[in-house]
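>>> only the shape, not the letters, is given here:
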């Protein structure tokens, strides 16, 4: 399945906080065909550090398919022979330096000044992400979503759809989810993710474009993201207590590290080099603000909640709380628990465990 | 129970890594009386950000007793009418600015240069902490410990005692513990705790004494410590999704925060203002290096492992692993699980739940 990024342009877009953004451009991908009645659309919403590349490959030799490739494609759980599947980059997507990401955010040029927005870029919300997706639906002529699905921040967007456009949202697949609102603890976790960025001397209150960027701070931020999304059993199995360099005993210098420290650092640095610090902070804030609790009475969708048993970021207790609230509303809620020790990331790498459950849920 | 800090001086002390420290001074406290046979000694080892103030008050109107006050005192679980209880500040104790802490570390003066050690202060280990405590025992004429106990980093020291001085250590009370070694995940968590310090421009590779200190970085470090030591159910109950200022909606500015963010910041800042960044980094390293696994065959002690069911830092799974390894060695292991949603901190604030278990274990 070879896919291409398309660009959706919104000349003027009013954010939830009232700010009007001009010249919004957001990337999107589509897999499969929209039927004549336009009733087979399945929207996939991406996770915190994800993109609209949910499935397929950009070219034949592309080594890395989209993140939910194992469940999206011809004959797969989300069957592109049956469904028109599509996905969209969010506003302020963090991966501003990935060639296939198209987003409007702090790193893009403010048409009114001709310079990057920087710290003047407004706060965006999960509601804003959903509103841009709704405009894309309108453009495509889609009157109703057969389903909306996503992992992590993607699950928040899917839930937001059900509360914001209840008549438009038949089914929600909410993977590795929060409950109906980001809870206080996760709000605080997201605060700690942003802290290293704010501490980096090159951050300069968000005004760093054209200068040295706060890559060190962003690396430490991604280190927290990566670690919080993993699990201790996985880490123990892979790293034990090995040193980075067998000749450099950590007892002799703070510069001598354990293998998991250096590996985590390199991984995080790789993620930081394709991302933007201001955008990162805004996505943190969007997750912090998420809540459909006050609007839950409006929800009409059927839910499939897919949790990961070893999740140390969006705990299974959150899924449990969310399911209880939805059931109390009289809604139909199914659940599936991914087994493993990969933590929150099992919602990506082990999603195939839920394939049959998802297939049946969509039927 | 009014207590006073005493000072133990070690003219020359050789660390595990071979470095010789001259003029070591460490604070200690004692509660109760050593019997004539000197067989009633119970050593309490302190936690990461703790001190030797395990019980009692410094004066009648002292508002805050020692951290395990609920289980140490006349007639209490660790009964000072029966036992001679004592506790000692570790080398490189983080709370260098607390008036009652006496420690030798990066912030103290290197007698050879007349200036603070700073980054040249060597790496210290849990084994070093235990060796200083052993010297204190020797000075007091103690031939054997009736028990050694402690929470968190204190539990690592207690376990270290059992492997380092097996004939000296009759009983170990290991509260909110790691397994027999700090695992890879916790090694990585401790790396993230140090990151904000290293990012702070005032850290200056550890050479900040007499100048502006890296208080901002240390605050963010303590924010991580505090958050990792708590639990989401506790946070939700206390904070819900309140804003810091009801007039400042987080949707309008990154400067508008949620209540848990500002409270956590103030709490962490308070902890940072009494602490030292270089010392903090060394205590992180000491925890990272902890392992008795290679020496476990030497252990002879009886164990009481007290875990906290909601612990998100030293997971109950760690206690489970540790207990299994000790039982496989043929050792006597008892367990107790603290109920609650206070996370790792329940090992301090809820330790009274284990009082009867501890009392019987000591008999």
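In hand now; what should we look at? What you see is a predicted model, and the numbers here were worked out from it, not measured in a lab.
>>> checking residue A:54 next. Helix, strand or coil?
Each residue gets one of three states, and residue A:54 gets coil by DSSP: H, G, I helix; E, B strand; the rest coil.
>>> ok, now the one 10 residues further on?
Secondary structure, three-state DSSP: residue A:64 is coil.
>>> tell me the mean pLDDT for the longest strand belonging to chain A?
Of all the segments assigned as strand in chain A under DSSP state E, the longest by residue count is strand A:20-31. Predicted confidence along strand A:20-31 averages 98 (mean pLDDT).
>>> in the helix or strand harbouring residue A:348, what counts as buried?
Applying DSSP states H and E as the criterion places residue A:348 in helix A:346-349. By neighbour count, with 16 or more other C-beta atoms under 10 Å in any protein chain shown as the criterion, the buried positions of helix A:346-349 are A:346, A:347, A:348. Using the backbone N, CA and C atoms, a C-beta is placed for each residue, glycine as well.
>>> same question for stretch A:248-257.
The neighbour-count check on stretch A:248-257 (16+ other C-beta under 10 Å) flags A:250, A:251, A:254, A:256, A:257 as buried.
>>> quick check: domain ranges of chain A?
In the assignment given by automatic domain parsing, the structural domains of chain A cover A:6-181+A:292-362, A:186-283.
>>> right, and these - which one's nearest residue B:289?
domain A:186-283 (5.7 Å; C-beta to C-beta).
>>> how far is that closest one from where the chain is centred?
Counting by C-alpha atoms, centre = their mean, to the nearest Å, domain A:186-283 is centred 19 Å from the centre of its parent chain.
>>> circling back to that earlier point, could you give the average pLDDT over the helix holding residue A:348?
On average, the pLDDT along helix A:346-349 is 98.
>>> can you check stretch A:241-251 too?
Along stretch A:241-251, the predicted local confidence has a mean pLDDT of 98.
>>> then stretch A:149-162?
In this model, stretch A:149-162 carries a mean pLDDT of 98.
>>> hang on, the earlier thing: who does the longest strand of chain A touch, helix- and strand-wise?
In terms of contacts (3 or more C-beta pairs under 8 Å, 6 or more residues apart in numbering or on different chains; DSSP states H and E), strand A:20-31 is packed against strand A:6-14, strand A:84-88, helix A:126-140.
>>> off-centre distance for the last one?
Chain-centre distance of helix A:126-140: 16 Å, with C-alpha atoms, centre = their mean.
>>> quick revisit: out of the helices and strands packed on strand A:20-31, deepest packed?
Among the helices and strands packed on strand A:20-31, judged by mean count of other C-beta atoms under 10 Å in any protein chain shown, the one packed with the most neighbours on average is strand A:84-88 (a mean of 27).
>>> quick one: strands adjacent to that one?
For strand A:84-88, sheet partners with direction are given as strand A:20-31 (antiparallel), strand A:41-44 (parallel), following DSSP bridges.
>>> following the shortest one in sequence, what is the next regular element?
In this case it means strand A:41-44. Secondary structure here is assigned by DSSP H and E; on that basis, the next helix or strand after strand A:41-44 toward the C-terminus is strand A:72-73.
>>> for that following strand, give me every contacting residue.
A:1, A:31, A:44, A:54, A:55, A:56, A:66, A:78, A:79, A:80, A:85 (C-beta atoms under 8 Å, 6 or more residues apart in numbering or on different chains).
>>> quick revisit: which two of the buried residues of stretch A:248-257 have the greatest separation?
Greatest spacing in those, by C-beta to C-beta: A:251 and A:257 (11.9 Å).
>>> of the contacts of strand A:72-73, closest to residue B:11?
Proximity of these to residue B:11, judged by C-beta to C-beta, is greatest for residue A:66, which lies at 65.8 Å.
>>> before we move on, the earlier item: just the buried residues of stretch A:248-257 that are near chain B?
For chain B, the contacts drawn from the buried residues of stretch A:248-257 by C-beta under 8 Å from any C-beta of the partner chain are A:250, A:251, A:254, A:257.
>>> state the distance from the third one to residue B:208.
Meaning residue A:254. Distance of residue A:254 to residue B:208, given as C-beta to C-beta, to the nearest Å: 15 Å.
>>> what's across from the closest residue to residue A:64 other than its chain neighbours in the sheet?
Distances taken as C-beta to C-beta, 6 or more residues apart in numbering or on different chains place residue A:57 nearest to residue A:64, at 7.7 Å, with adjacent residues excluded. When assigned by DSSP bridges, residue A:57 has beta-bridge partners residue A:2.
>>> what about residue A:57, how many neighbours?
As a burial measure, the neighbour count of residue A:57 was computed by other C-beta atoms under 10 Å in any protein chain shown and equals 16.
>>> ditto for residue A:234
Taking other C-beta under 10 Å as the definition, residue A:234 ends up with a neighbour count of 18.
>>> with adjacent residues omitted, what lies nearest to it?
Once its chain neighbours are removed from consideration, residue A:234 has its nearest residue in residue A:341; the separation is 4.7 Å (C-beta to C-beta, 6+ apart).
>>> what of residue A:274?
If the residues on either side of it in the chain are set aside, residue A:274 comes closest to residue A:97, at 4.5 Å by C-beta to C-beta, 6+ apart.
>>> what's the residue nearest to residue A:64 in contact with, if anything?
Residues touching residue A:57, when contacts are defined by C-beta under 8 Å, 6+ apart, comprise A:1, A:2, A:3, A:64, A:65, A:66.
>>> quick one on the thing from earlier: just the buried residues of the contacts of strand A:72-73.
Burial of the contacts of strand A:72-73 was assessed by neighbour count (16+ other C-beta under 10 Å); the buried members are A:31, A:44, A:54, A:55, A:56, A:66, A:78, A:79, A:80, A:85.
>>> just checking, the first one touches residue A:1?
Yes - contact status for residue A:31 versus residue A:1: in contact at 6.4 Å, counting by C-beta atoms under 8 Å.
>>> overlap of the contact sets of these two?
Jointly contacting residue A:31 and residue A:1 under the rule C-beta under 8 Å, 6+ apart are A:55, A:56, A:73, A:80.
>>> which of those sits closest to residue A:234?
The closest of the shared contacts of residue A:31 and residue A:1 to residue A:234 turns out to be residue A:55 (C-beta to C-beta; 24.8 Å).
>>> and the gap between the residue nearest to the closest one when sequence neighbours are not counted and residue A:150?
For residue A:55, the nearest residue in space outside its immediate sequence neighbours is residue A:72; the separation is 3.6 Å by C-beta to C-beta, 6+ apart. When distances are taken as C-beta to C-beta, residue A:72 and residue A:150 turn out to be 12 Å apart.
>>> next: residue A:129.
As defined by C-beta to C-beta, residue A:129 lies at a distance of 10 Å from residue A:150.
>>> any residues in contact with both of the two?
In terms of C-beta under 8 Å, 6+ apart, residue A:129 and residue A:150 are both contacted by the residues A:45, A:157.
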